[in-house]
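Enquirer: my questions concern the predicted model and sequence given below.
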Amino acid sequence: MELQAYLAAAGLENPLPPNAFEIFSAPEARDLSEPLSTVRPALRLADAAVLVDLALLRHRFLAAYERMLELNADAAVIIRFAGAAPRVEQVQAAHELGQETPDRAAAFWAWFEATKAATLANGAVTVSTVSGHSRAAALQPLAGQHKLPELSPETWFSILRDSREGALMLHWEHPADAALAELDAHRPIIDAELGRRKPMTLFKERFPYFDKAISERISADFEDEIVRGMANEYRSLLEANPVKVTPLGAVFVGTDKQRVGLALLDKRGAVGGSSPLRPAGDWQDRVLRWLKEQRARLIVLPQSAPAGEWLASLEAFLTEQKVRVVKVSPAGMVEARSIDDPILRRVSPEEASAIVLLRRAAKPIDEWCRIEPGRLGLSRVQGELTPRRVNEVLQVVRERVIASAQPLSAAPVVTGGLRARSTAPLNPDITNIRDLRPGLQVKGIITNVTKFGAFVNLGLKQEGLVHISELADDYVAEPSEVVQAGQQVSARVITVDADRGRIALSLRSEAALARGPSRPPGRSPMSGPPRRTMGSGMPATVMSRTSTNVTQRPDDIGGASDGDRMKALRDLENLFKK
């Protein structure tokens, strides 16, 4: 997306003010990766792809801005050469040429840009292994010449990683001579300095960091391409049509060192049973026999597995037996099994994986939102990408999809889920944080559940926080026992700090709020650790996924005074994400 499009969306000055680059590149500036409903009402229903473009643009600015700070460069000089949307590989050249006379600076800047464009279009990089390195033989397939227009992102990031580790050496081929031949207007100035030297010799003297600049540009372009692909994949996972057939069976196939996991979702949408099975002998027949005994009408399989031959043979067998099969992504399975869920804790890893597949098939948006998107491993080269860029872009997608997937009624998620769409905003009369006031009742959607509470999307740039002590009328030991990501709630505003973007919310009833913070049942403020007890569940304000009898678990926090609790609440404000 071009800079002017961003300016129009964000409502900033157009044409650009002199300090434009600093305005949207400084870390304290408005975060472009946030959903922009508070920036421009027209973007309230903007497509996720638009918001992804804005987030990537934000990070392009940040990379250039951080390089400018490293060099102690003047933003006005950078903008004079590179324009209002400079890229990171341009900053050092613009900074150094700013010391030259205008004519010389213009000539060498034109040569720099022309050589960069020619390199990206027609250049090549020759890769060689380092003699004596322990991985030299294994990396031999990467050796040789790679034409840049034909280079794939996966190959490039593999080359980059191994070169950083000292296993590979890179030799760049830059068509600086050909680029210079195209610069008729600037040739007299460059020729005067060239003398008897070859053009490439002079070019390397003037721009010794050019190889690094090209590497940064290739990495940035490939990273944008990969992150966009990850965003599209994540969006497709969240927006998948839920499977409504029950009973629903699942078979998880992992590595060839694991057993196969079997699980069933009954007609009530609850886990009806699970079992591990060793894939030996007539294991496919035994899988089918177990599924038939459970009367499963449809079978969920993972889209892929390390033990690919096992998965392929099982799918072929079930197809031959005329068993209906649907496939679900196993991305982030280890993370999904690690969620603090009592059902997953009491079964084997293989069974837990099968249960996760079932839930992803039945309630995709609910289940995928239980894991931080940056931890799903949606790309094989994710370890080479900028973590904050990946996390922010995927968060944008999640918040956009959640905001557009509001339930039409207060029906529990188990019956309707979050797939019933509505284009109405969560809180039509609230367009920014300054519209909030203590005591106001608001609607929201849980976006993340932590040990200390839950974050709530209110349809604003800022999220609200419900502290663990404000999740229910009665004592709550584990937030995940009473709320889950994707759940719609009706909350009451406790405090608002518009300057810092802080919103404190409560899910407790008005009468309970008047009593003060909730404590473990039967305990005074100075009593010891809480005993195991039965809570009364969520108040009537919670709209979905509610249990009226939740078994509370003891935690390791002793009793505390109201003052201590208020101090803890203030400390926890620092943990706000936005």
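Expert: Cool, got the structure.

Enquirer: confidence score at residue 370?
Expert: Turning to residue 370, the model gives it a pLDDT of 86.

Enquirer: confirm it sits in a strand?
Expert: No. Residue 370 is assigned coil when assessed by DSSP: H, G, I helix; E, B strand; the rest coil, not a strand.

Enquirer: report how many residues lie close to it.
Expert: In terms of burial, residue 370 registers 20 neighbours under the definition other Cβ atoms under 10 Å. C-beta: built from backbone N, CA, C; applies to glycine.

Enquirer: all numbers from here: first residue = 37
Expert: In the new numbering, first residue 37, that becomes residue 406.

Enquirer: that one reaches residue 521, doesn't it?
Expert: Yes. The pair formed by residue 406 and residue 521 meets the contact definition of Cβ atoms under 8 Å, at 5.3 Å.

Enquirer: mind showing which ranges of the stretch 187-336 of the chain have poor pLDDT?
Expert: Within the stretch 187-336 of the chain, no stretch falls below the threshold (pLDDT under 70).

Enquirer: can you check the stretch 387-536 of the chain too?
Expert: For the stretch 387-536 of the chain, the stretches with pLDDT under 70 are 439, 441-460.

Enquirer: all helices for it, in order.
Expert: Remark: helices assigned in the stretch 387-536 of the chain by DSSP state H, counting those that start in this stretch are 400-404, 423-439, 449-452.

Enquirer: out of the ones you listed, deepest packed?
Expert: Ranked by mean neighbour count under mean count of other Cβ atoms under 10 Å, those are led by helix 400-404, which reaches a mean of 24.

Enquirer: mind checking how far stretch 218-231 is from the chain centre?
Expert: Computed by Cα atoms, centre = their mean, to the nearest Å, the chain-centroid distance of stretch 218-231 equals 48 Å.

Enquirer: ditto for stretch 408-427
Expert: Between the mean C-alpha position of stretch 408-427 and that of its chain there is a distance of 7 Å (Cα atoms, centre = their mean).

Enquirer: list the buried residues of that stretch.
Expert: 409-412, 414-415, 417-418, 420-421, 425-426 (16 or more other Cβ atoms under 10 Å).

Enquirer: check stretch 111-128 too.
Expert: Applying a neighbour-count criterion of 16+ other Cβ under 10 Å, the buried positions in stretch 111-128 are 111, 113-115, 117-118, 120-128.

Enquirer: for stretch 163-172, same thing?
Expert: Of the residues in stretch 163-172, those buried under the neighbour-count criterion (16+ other Cβ under 10 Å) are 163, 165-166.

Enquirer: so which of those belong to helices?
Expert: Judged by DSSP state H, the buried residues of stretch 163-172 include no members of helices.

Enquirer: tell me which of the helices of the stretch 387-536 of the chain lies nearest to residue 153.
Expert: Residue 153 lies closest to helix 423-439 among the helices of the stretch 387-536 of the chain, at 24.5 Å (Cβ to Cβ).

Enquirer: now that closest one - C-alpha only, PDB.
Expert: Provided in PDB are the C-alpha atoms of helix 423-439 (Å, rounded to 0.1, in the frame of the first residue of the first chain):
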ATOM      1  CA  PRO A 423       8.700 -11.700  15.500                       C
ATOM      2  CA  ARG A 424       7.000  -8.400  16.200                       C
ATOM      3  CA  ARG A 425       6.000  -8.000  12.600                       C
ATOM      4  CA  VAL A 426       4.500 -11.500  12.500                       C
ATOM      5  CA  ASN A 427       2.700 -11.100  15.800                       C
ATOM      6  CA  GLU A 428       1.200  -7.700  15.000                       C
ATOM      7  CA  VAL A 429       0.000  -8.700  11.500                       C
ATOM      8  CA  LEU A 430      -1.600 -12.000  12.800                       C
ATOM      9  CA  GLN A 431      -3.200 -10.100  15.700                       C
ATOM     10  CA  VAL A 432      -4.800  -7.700  13.200                       C
ATOM     11  CA  VAL A 433      -6.300 -10.600  11.300                       C
ATOM     12  CA  ARG A 434      -7.600 -12.200  14.500                       C
ATOM     13  CA  GLU A 435      -9.200  -9.000  15.800                       C
ATOM     14  CA  ARG A 436     -10.800  -8.300  12.400                       C
ATOM     15  CA  VAL A 437     -12.300 -11.700  12.000                       C
ATOM     16  CA  ILE A 438     -13.500 -11.800  15.600                       C
ATOM     17  CA  ALA A 439     -15.100  -8.300  15.200                       C
END
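
Enquirer: tell me where the stretch 337-486 of the chain has strands.
Expert: 361-364, 477-486 (DSSP state E, counting those that start in this stretch).

Enquirer: and of these, who's closest to residue 104?
Expert: Closest to residue 104 of these is strand 477-486 (Cβ to Cβ; 33.3 Å).

Enquirer: could you list the residues in contact with that closest one?
Expert: Contacting residues not belonging to strand 477-486 are listed as 405, 408, 434-435, 438-439, 442, 462-463, 466, 472, 490-495, 499-500, 515-516, 519-529, 541, 577, 611, 613 [Cβ atoms under 8 Å, 6 or more residues apart in numbering].

Enquirer: okay, now the sheet partners of that strand, with direction.
Expert: Partners of strand 477-486 in the sheet, by DSSP bridges, are strand 489-493 (antiparallel), strand 524-533 (antiparallel).

Enquirer: how far is that strand from where the chain is centred?
Expert: Mean C-alpha position of strand 477-486 versus that of the full chain (Cα atoms, centre = their mean) differs by 18 Å.

Enquirer: next one: stretch 100-117
Expert: Distance, centroid of stretch 100-117 to centroid of chain: 29 Å (Cα atoms, centre = their mean).
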